[in-house]
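*Asks:* just the structure for this:
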Amino acid sequence: MTSEEWSQNEITTSQFLYGDRFNPNNICSNCGHAGHWLGDCVFPDDNGTIMGCPIHNTKLHVLDDCPDLPHMSLQQRVTTIVVRRRNKPAIRSRKPWIELVKEAMGQGLEELVWAPSVWTQEFVLRMIHDRKSLQPWLDFDYGRDLVSKLPVDPETQGDLRSLLRKCSLWEQVHRPVRQAR
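*Replies:* From the prediction side, this is the model:
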């Protein structure tokens, strides 16, 4: 997609939070398909994540740089970054999604963050590179299929307290390439 198309498909925070996520007229700025937005997309990039802003359905800025993210409640952030990404690739970020799980548990929001959770990059990359592996993003029907139909990453299932102790989940962050001076 072009930056012009990303601009045309951009949505407001209110649309993201309260709109019809699976309207046939929605165009995803990640994969370009109709029927969903980037915040619900299953189609990973070559890094095993989803790059862009789920709040605005755009790739013109990334989640970490979204001007509206700091104004969202903890519950809205958890829903965006953890709940709506359950059994899907993570939204690329410099902060690990497990940090939000810990914060949610500390605020009494355990009911939002039950496992299984977000796929690890390694799990996604195995599906991408293993020719025998199912690539569920190729035939997932966003309006009809349940997220539970998607594969479960063994690293992100189980007791929440044990997930918080997994060092590998705290390392699920985007590390920008440093520019040469």
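*Asks:* where in this protein is pLDDT low?
*Replies:* 132-133, 177-181 (pLDDT under 70).
*Asks:* which stretches of it form helices?
*Replies:* Listed in chain order, the helices of the chain (DSSP state H) span 3-9, 13-18, 74-81, 97-106, 121-129, 160-164, 167-170.
*Asks:* as TSV, those with mean neighbour count and distance to residue 34 would be great.
*Replies:* For glycine as for every other residue, the C-beta is placed from the backbone atoms N, C-alpha and C. TSV is the format used below for the helices of the chain (neighbours: other Cβ atoms under 10 Å; distance: least, Cβ to Cβ, whole Å):
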stretch	mean neighbour count	distance to residue 34
helix 3-9	14	10
helix 13-18	15	16
helix 74-81	19	21
helix 97-106	19	27
helix 121-129	17	23
helix 160-164	14	34
helix 167-170	13	33
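*Asks:* compare those and give me the one nearest residue 59.
*Replies:* With Cβ to Cβ as the criterion, residue 59 lies closest to helix 3-9 of the helices of the chain, at 5.2 Å.
*Asks:* any residues touching that closest one, and which ones?
*Replies:* 1, 27, 28, 29, 32, 57, 58, 59, 60 (Cβ atoms under 8 Å, 6 or more residues apart in numbering).
*Asks:* so the first one makes contact with residue 59?
*Replies:* Yes - the pair formed by residue 1 and residue 59 meets the contact definition of Cβ atoms under 8 Å, at 7.4 Å.
*Asks:* who has more neighbours, those two?
*Replies:* More neighbours surround residue 59 than the other of residue 1 and residue 59, with 19 against 15 (other Cβ atoms under 10 Å).
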